[in-house]
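Novice: got a sequence here, can you build the structure:
(chains A, B and C)
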Amino acid sequence: MGDFGGSPSGLELTIAVPGLSSSSGSEGGGCNVRELDINLPASGVEEEFPMGSVEEEEEEGGTPRPKKLRLSKEQSRLLEESFRQNHTLNPKQKGALATKLKLRPRQVEVWFQNRRARTKLKQTEMECEYLKRCFGSLTEENRRLQREVEELRALRVAPPTILSPHTRQPMPASALTMCPRCERLTSTPRAAATSAATSTRVPSASPFLSRGHHPSSAAC
DNA sequence: TAAGTCAAATCGGGTA
DNA sequence: TACCCGATTTGACTTA
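Specialist: From the prediction side, this is the model:
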C-alpha cells in the first residue's frame, strides 16, 4: 500500500529539500485489513453513525459492536481526495463530507487532524535525513580544511623561501596568493617583481609553490 | 503468541 | 466557544 492514488494512508508531501524526492510510502503495510464496513448495519446496530455516536449506548445482550472504526476504502479515498484539495475544512465542508461519507462531522475532523499530523511527521523525518546528510558533508569539508590549516601552519613555522617563477629571485610569503582553482600558492608577476628587489633569502623547495598548477586560473 | 505497526479516538492546552 | 495541535491511549491488524 502506501501511495496516494489508491492508498488510504498515503502521505502528500511537499517538502522542498534539494536532492530529495519525496518518497511517500510504505506505511500501513497492513492495510489489507478486514473491511468492516461501518456503514452497513451489519451487526444490526447502527444506521447513521458507525460507532461512538451520541445516541447509541450499548444495548445489552446484543452482538458486540466493533469497538473501533476502520474506514472503508471508499471513505479513505474520498477523504484523501478532499485532503489533497484542502488540508483544512470549514464547518460547511466538514458537514458535507460527513454526510457524504456517512460519518459524524467529528470523525471527519479527527481524520483531518490525524492526517495533518502524519504529513507533518513525515516532512520532519525527511528534513532530518536531509540535515544529517548536510552534517556529513560539512564534517568532511571541515576535516579537509583543518588539514590544510595544519599544512599552512607548518609552512609558517619554517618559512619557506620561494623563488619567483618570473625573476628567479626569492620572494616573501606575503607576496603569495592561493590559486582558487588548483589551491596552490602562486604569485602575481608584480608581486614577484617587487619581491625580487627586497628578498635575500636562500631558495628552498615548497610543495605549495605553483609549479604546474592550473594555468588558466585568474589568480595564476 | 508476543511484539510491532498503524490509525481512530481522546485529552488538555492554546488561540482567534 | 469552536477549532487546532501535540501528546497519548486504544484497538485492529500483521509479522516473526
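Novice: which SS class is residue A:89?
Specialist: coil (DSSP: H, G, I helix; E, B strand; the rest coil).
Novice: do you know how far it is from residue A:72?
Specialist: 20 Å (Cβ to Cβ, to the nearest Å). (C-beta placed from N, C-alpha, C; glycine too.)
Novice: do the same with residue A:119
Specialist: 22 Å.
Novice: one more: residue A:84?
Specialist: Using Cβ to Cβ, residue A:84 is found at 19 Å from residue A:72.
Novice: out of these two, which sits in the more crowded spot?
Specialist: The neighbour comparison of residue A:84 against residue A:72 (other Cβ atoms under 10 Å) goes to residue A:72, with 19 against 11.
Novice: shaky segments in chain A?
Specialist: Counting by pLDDT under 70, chain A contains low-confidence ranges at A:1-67, A:158-162, A:164-166, A:168, A:170-220.
Novice: where is the longest helix in it?
Specialist: Ranked by residue count, the top helix of chain A under DSSP state H comes out as helix A:105-157.
Novice: is that helix positioned near DNA strand B?
Specialist: Yes. For a cut-off given as Cβ under 7 Å from any atom of the strand, helix A:105-157 has contacts with DNA strand B, namely A:106, A:107, A:110, A:111, A:113, A:114, A:115, A:118.
Novice: and DNA strand C, which of those reach it?
Specialist: Okay, of these touching DNA strand C (Cβ under 7 Å from any atom of the strand), that's A:113, A:114.
Novice: let me know the closest of the residues of helix A:105-157 next to DNA strand B to DNA strand C.
Specialist: residue A:113 (5.1 Å; Cβ to the nearest atom of the strand).
Novice: as JSON lines, the residues of helix A:105-157 next to DNA strand B with neighbour count would be great.
Specialist: JSON lines is the format used below for the residues of helix A:105-157 next to DNA strand B (neighbours: other Cβ atoms under 10 Å):
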{"residue": "A:106", "neighbour count": "14"}
{"residue": "A:107", "neighbour count": "24"}
{"residue": "A:110", "neighbour count": "13"}
{"residue": "A:111", "neighbour count": "23"}
{"residue": "A:113", "neighbour count": "11"}
{"residue": "A:114", "neighbour count": "11"}
{"residue": "A:115", "neighbour count": "18"}
{"residue": "A:118", "neighbour count": "15"}
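Novice: save the residues of helix A:105-157 next to DNA strand B as a markdown table, and put in distance to residue A:156 too.
Specialist: Listed next are the residues of helix A:105-157 next to DNA strand B as a markdown table, based on distance: Cβ to Cβ, whole Å:
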| residue | distance to residue A:156 |
| --- | --- |
| A:106 | 72 |
| A:107 | 72 |
| A:110 | 67 |
| A:111 | 66 |
| A:113 | 62 |
| A:114 | 62 |
| A:115 | 61 |
| A:118 | 57 |
